[in-house]
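In: Using only what follows, build the 3D model:
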Amino acid sequence: MRTLDEIYSGMSETLFYDMCSLDFSFFSERVLGLECPEYQITWMNIVHKYRYVLLEAFRGSGKTLILGCVYPLWLSRFRKGSHILYSASSFKQATKILDETKEMIDNNEFLLKLKGENPKFWNEGHAKCTNGSEFFCRAYTNKIKGVHVNYAFIDEVQDVPMNDVFDNGVMPTVNNKNGHMVCVGVSDSPGDMVENLKARRNFKSLSLPVLLGPGVSAWPERYPLSKIDEIRNSSTADSWNTQYLLKYSLGGEHDVFPLRWINNCYSSESRFSELLFENGIGLIGLDFAMSESAGGDFDCFEVIEKYGGKVYLRHGERHKGLSVDAKKDRIRYLFKLYKPLMMYADISGVGNSIVSDLRNEGYPIMGVSFDAKNRYSMLVNLQTLMMPNKSGSSLLVLPLNKNDADSYAFVMKLTEELIGFKEKKSDATGVKLFSSTAAHDDTVAALCLACSGAVQIQEFVNTICFG
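Out: Down below sits the predicted model:
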């Protein structure tokens, strides 16, 4: 137990209280007995100033301790009535942060006043303080709705499963009270939530690798170069790059879509838009989820424009849990908006009935089988569009404009799924196969469907002109 005598060290209670309320460094050192490196105090000052903060920091940097425990304790003690949320990939993980915070309270005579002698609400996932401050725990799912707080600490934000959970569930938790939110994590794949938040203008992004430069430790007292070398030598290359240098590993010799090809398709000047060329041809690719349940996979609809030998991605969207009627309504809307020459839909699962119904309504839609043979053929076609030609350019153009959060997030997800495709040989036949190692491949499938139409159109034009 850290006693009041240790904490006050002869200072008057009034002066001590005033000092703590104004100085995070003083609070951390005198109340908690922590010797914080300068960057941790900077973190607290930034989180206090900015409403939305994204923090990437090396493993062991103290990000959860400082922003998940110390700063919330300061808030709860000196900003009476503060409501604080811990959110993580699971409820259990969120409660671990609260448990650590409770332990700091239980072992500190200055903070113990927050708990009181007989707390009524001091249990797993919830702690109500004597001054009206309150702590809550939630997993980051849509069930987080209904919680309104002054401060939200979102742990391992890269694991948030999809954008709509974050935007419709997590983000609104601080709206009602004009609260602050800090998201911590390290990006481990293109298109994850860390990459998504980096592209958002309202988020203040911070990054701290363990090495600030050659031979320069971010925290030399805790991580001298000898310890850093020890960690590097005992870690896998992926773990070292991701967890300590904040650089995820990408690419390999068996990639179907090498990262350099993908990078070559990016256009920082493009964004999602309507069809831009007077004689451009619009096409839509439609990949359907196999299940309508919230735990199923995704519907993905993508719009491309074929013009001048190039293919431009103009729009992409993913949905989970759409009913068949909702899928058809969305397709009708996209058709009205983009007026494509043709729509290409996967006919597996519910696709066949959707194609039949829309065709009967007069929509130009073609069903495409996504069996192994066609799948391989369409992936090869996509390779052709992405592979740099002799002049170094690619025929496929992907918008990657950080000022357009929607297109940036979608293309990052597409990048993640493209990188997930690997080439291997069948053990039984020795035939070359392409298989996805990513969690999903819906963005690639929809793009393949749309681009298969682009190739057919090219072949048709060539027949007219030169046949």
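
In: could you pull out the helices for the stretch 1-150 of the chain?
Out: 4-8, 13-22, 24-26, 38-49, 63-64, 71-78, 91-106 (DSSP state H, counting those that start in this stretch).

In: Between its first and last residues, how far does stretch 126-137 reach?
Out: One end of stretch 126-137 sits 6 Å from the other (CA to CA, to the nearest Å).

In: average pLDDT across it?
Out: For stretch 126-137, mean pLDDT is 95.

In: ok, the closest residue to F136 other than its chain neighbours - how many residues close by?
Out: Nearest non-adjacent residue to F136, counting by CB to CB, 6 or more residues apart in numbering: L85, 5.0 Å away. C-beta: built from backbone N, CA, C; applies to glycine. If you count neighbours by other CB atoms under 10 Å, L85 ends up with 26.

In: can you check G10 too?
Out: So G10, with other CB under 10 Å, has 6 neighbours.

In: any idea how far it lies from F16?
Out: With distances taken as CB to CB, to the nearest Å, G10 is found 10 Å from F16.

In: Now render the helices of the stretch 1-150 of the chain as TSV, adding mean pLDDT.
Out: Listed next are those as TSV, based on pLDDT from 0 to 100:
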stretch	mean pLDDT
helix 4-8	94
helix 13-22	94
helix 24-26	95
helix 38-49	97
helix 63-64	96
helix 71-78	96
helix 91-106	95
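
In: Out of these, which gets nearest to M290?
Out: Among the helices of the stretch 1-150 of the chain, helix 91-106 comes nearest to M290, with 28.2 Å by CB to CB.

In: Quick check: which helices or strands does the closest one pack against?
Out: Counting contacts by 3 or more CB pairs under 8 Å, 6 or more residues apart in numbering; DSSP states H and E, helix 91-106 packs against helix 71-78, strand 83-88, strand 126-128, strand 134-139.

In: Now it: buried residues?
Out: F91, Q93, A94, T95, K96, I97, L98, T101, K102, M104, I105 (16 or more other CB atoms under 10 Å).

In: Between strand 83-88 and that helix, find me the angle.
Out: 130 degrees (axes from the mean of the first three to the mean of the last three CA atoms, to 10 degrees).

In: about what we covered before: could I get the buried residues of helix 91-106 in a markdown table, plus columns for distance to L275?
Out: As requested, the buried residues of helix 91-106 are arranged in a markdown table below (distance: CB to CB, whole Å):
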| residue | distance to L275 |
| --- | --- |
| F91 | 46 |
| Q93 | 45 |
| A94 | 45 |
| T95 | 50 |
| K96 | 50 |
| I97 | 48 |
| L98 | 51 |
| T101 | 53 |
| K102 | 57 |
| M104 | 58 |
| I105 | 59 |
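
In: buried set for the helix or strand containing S377?
Out: Per DSSP states H and E: S377 is located in helix 372-386. Neighbour-count burial for helix 372-386, with 16+ other CB under 10 Å as criterion, is recorded at R375, M378, L379, N381, L382, Q383, L385, M386.

In: what do you get for stretch 303-313?
Out: By 16+ other CB under 10 Å, the buried positions in stretch 303-313 come out as V303, I304, E305, K306, Y307, K310, V311, Y312, L313.

In: Need phi/psi at D346.
Out: When read as degrees, to the nearest 10, the backbone of D346 gives phi -70, psi 130.

In: give me every residue that touches it.
Out: L286, D287, F288, G367, V368, F370, A445, L449 (CB atoms under 8 Å, 6 or more residues apart in numbering).

In: my read: L111 touches E103, true?
Out: No: the criterion here is CB atoms under 8 Å, and L111 misses it with E103 at 10.6 Å.

In: Could you state which residue of the protein sits nearest its centroid?
Out: In the chain, the centroid-proximal residue (CA atoms, centre = their mean) is M193; its distance is 1.1 Å.

In: Now it: closest residue in space that isn't a chain neighbour?
Out: Leaving aside its chain neighbours, M193 sits nearest to V160 (4.3 Å; criterion: CB to CB, 6+ apart).

In: what about the one you found, distance to G146?
Out: 18 Å.

In: between the two, who's got more neighbours?
Out: Per other CB under 10 Å, whichever of V160 and G146 has more neighbours is V160, with 25 against 9.

In: Now do the same contact list for the more buried one.
Out: With CB under 8 Å, 6+ apart, V160 has these contacts: S89, Y140, I154, F166, V170, M193.
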